[in-house]
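pasting the sequence and the predicted coordinates here, then a few questions.
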Amino acid sequence: MDNVFIEGTDRTPEVTFKFSEGNLTLSGRSITENPIHFYKKLSSYIELYLKNPHPITLFKVELEYFNTSTSKCLVDLFKQLEILHLQGKEVKIEWFYEDQDEEIMDAGYEYKDIINIPFEIKLIK
């Protein structure tokens, strides 16, 4: 499967899915008016990845800001990766937040509570 790179904008995150290495990264801002359209494309890439995944999958989320409608889309992506975890594959999510950004940090803890995947919350240094 080909790797995916989507350059970020002031409204959409940068997407770097290196499927050949099992590394998926979202970074930047996600305040698009139609996140369902944007994230549906990402979901379809992950769906293809699930058919032949790397033995270890790491999903890094480095969003500095996202809107409420993006939140649901993120949960959907996490749930897709949860399938791999339930199949016994090694999957981990790393959620990054900046110092004193309690909203992003708290969001990470909320996701950690509802997602059945090893989930680390890390301070960006």
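Thanks, I have it. Keep in mind it's a predicted model, so treat the numbers as computed, not measured. Residues are numbered from 1 along each chain as shown.

could you show me where the helices are in this protein, in order?
With helices called from DSSP state H, the chain shows them at 35-51, 68-86, 102-114.

now render these as CSV, adding mean pLDDT.
Output for the helices of the chain, formatted as CSV (pLDDT from 0 to 100):
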stretch, mean pLDDT
helix 35-51, 95
helix 68-86, 95
helix 102-114, 96
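
how about these, which one is nearest Glu94?
Closest of these to Glu94 is helix 102-114, at 9.4 Å (criterion: CB to CB). (Glycine included, C-beta is placed from N, CA and C.)

buried set for that closest one?
Ile104, Met105, Ala107, Gly108, Tyr111, Lys112 (16 or more other CB atoms under 10 Å).

one more: stretch 13-20?
Pro13, Val15, Thr16, Phe17, Phe19.

grab the nearest non-local neighbour of the third one.
Looking back up the chat, that one is Thr16. Among residues not flanking Thr16 along the chain, Thr25 sits closest, at 4.5 Å (CB to CB, 6 or more residues apart in numbering).
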